[in-house]
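> Okay, sequence plus prediction incoming.
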Amino acid sequence: MGKLEVDHMPDAQELRLLADFFKVFADTTRIKILCVLFQSEMCVCDLAQTLNMTQSAISHQLRILKQMKLVTNRREGKTVFYSLADSHIETILNQGIEHICE
């Protein structure tokens, strides 16, 4: 998948993948998780406490974020820590905030 260009319409598969990608950002809980992970990596229990939610609810949303490759994880003993997958996620969040604040 390349960049969007003025003279090129992405094919149907690329458009579907792009739409699916942006659907992930349509949930407030997932945005909150991404904002917290923007600050530092965290385990499910810390995310649940920070966001005043159940671990089950956090885990469900993390699974979706991981499937869409927005978060990644690493295991340390029995604890799994989550973080943003890459700097693109930070850029998308920042540009979204900039856009709505204009």
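Looks like it came in fine. Numbering: from 1, shown residues only.
> Now do the biggest helix by length in the chain: which elements does it pack against?
The helix that spans the most residues within the chain, counting by DSSP state H, is helix 87-101. Helix 87-101 is packed against helix 28-39, with contacts defined by 3 or more C-beta pairs under 8 Å, 6 or more residues apart in numbering; DSSP states H and E. Every residue, glycine included, has its C-beta placed from N, CA and C.
> any idea how far the helix it packs on is from the chain center?
Mean-position distance between helix 28-39 and its chain equals 7 Å (C-alpha atoms, centre = their mean, to the nearest Å).
> repeat for stretch 38-56
Stretch 38-56 has its C-alpha centroid displaced from the chain centroid by 14 Å (C-alpha atoms, centre = their mean).
> then that stretch to CSV, C-alphas only?
Presented in CSV, the C-alpha positions along stretch 38-56 are these (Å, rounded to 0.1, in the frame of the first residue of the first chain):
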residue,chain,number,x,y,z
PHE,A,38,1.4,7.5,24.2
GLN,A,39,2.9,8.4,27.6
SER,A,40,4.4,5.0,28.6
GLU,A,41,4.0,1.3,28.2
MET,A,42,1.6,-0.4,30.6
CYS,A,43,0.2,-3.7,31.6
VAL,A,44,-3.5,-4.5,31.5
CYS,A,45,-4.0,-4.0,35.3
ASP,A,46,-2.3,-0.6,35.2
LEU,A,47,-4.4,0.5,32.2
ALA,A,48,-7.6,-0.7,33.9
GLN,A,49,-6.7,1.3,37.1
THR,A,50,-5.7,4.4,35.1
LEU,A,51,-8.9,4.4,33.0
ASN,A,52,-11.1,3.2,35.9
MET,A,53,-12.3,0.2,33.8
THR,A,54,-12.2,-3.6,34.2
GLN,A,55,-9.3,-5.6,33.0
SER,A,56,-11.7,-7.6,30.8
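> Would you mark the buried spots in it?
Within stretch 38-56, the residues scored as buried using 16 or more other C-beta atoms under 10 Å are 41-44, 46-48, 51.
> and if you look at stretch 13-29?
For stretch 13-29, the neighbour count (16+ other C-beta under 10 Å) marks 24-25 as buried.
> Please list the outside residues in contact with it.
Applying C-beta atoms under 8 Å, 6 or more residues apart in numbering, the contact partners of stretch 13-29 are 1, 10, 30-31, 51, 53, 57, 61, 64-65, 68, 70, 92, 96.
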